[in-house]
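Peer 1: Task: produce atomic coordinates for the following.
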Amino acid sequence: MIETPCSPSTQTALTYTWKIESIFPDKASWETEVRSLNDDAARFHVFKGTPSQSGEQLYKALLFQDSLNERAARIDAYAFLKFAADTRDDEANSMRQRASNLFAQLGDSTSFVEPEILT
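Peer 2: Predicted coordinates for the structure are as follows:
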């Protein structure tokens, strides 16, 4: 069996590639959003004990949590697409792992919401 190597991504026609810059224009913008999301997730604790106080407090907590999740999804999508473009790229792999860790930290920061709703 003769193996034929895959063509490098530099030879792929642009019509067959995704426009990653529609998510973030560059890696620096991605890094800025990662830092900002980390800061905002750390502030989520202000909602602890409030979701069960009123419908308005619950709404505010869930709205903020949704916003954090949407931003994390954009961060993850960018990192995943960078990695998928070239799985040999160590920097892209590191970004993908950081995005995954960010989701775990976000889950930890917001984990009190559901139990408070249920009690």
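Peer 1: can you pull the buried residues of stretch 23-42?
Peer 2: Buried residues in stretch 23-42, defined by neighbour count with 16 or more other Cβ atoms under 10 Å: 23, 24, 30, 33, 34, 37, 41. From N, CA and C alone the C-beta is placed, and that goes for glycine too.
Peer 1: okay, now the closest residue to the fifth one other than its chain neighbours: neighbour count?
Peer 2: Beyond its immediate neighbours in the sequence, the residue positioned closest to residue 34 (Cβ to Cβ, 6 or more residues apart in numbering) is residue 75, lying 5.9 Å away. Summarising burial for residue 75: neighbours were counted as other Cβ atoms under 10 Å, giving 24.
Peer 1: wait, what's in contact with residue 75?
Peer 2: For residue 75, the contacting residues are 30, 33, 34, 37, 99, 102, by Cβ atoms under 8 Å, 6 or more residues apart in numbering.
Peer 1: now do residue 37
Peer 2: 68, 71, 72, 75, 102, 106.
Peer 1: gap between the spatially most central residue of the chain and residue 19?
Peer 2: Taking Cα atoms, centre = their mean, the centroid of the chain lies closest to residue 72, which sits 2.6 Å from it. Using Cβ to Cβ, to the nearest Å, residue 72 is found at 21 Å from residue 19.
Peer 1: Could you do residue 77 as well?
Peer 2: Distance of residue 77 to residue 19, given as Cβ to Cβ: 12 Å.
Peer 1: what about the protein, any weak spots by pLDDT?
Peer 2: Within the chain, the segments meeting pLDDT under 70 span 1-14.
Peer 1: which one's the longest helix in it?
Peer 2: Secondary structure of the chain per DSSP state H: the longest helix is helix 55-85.
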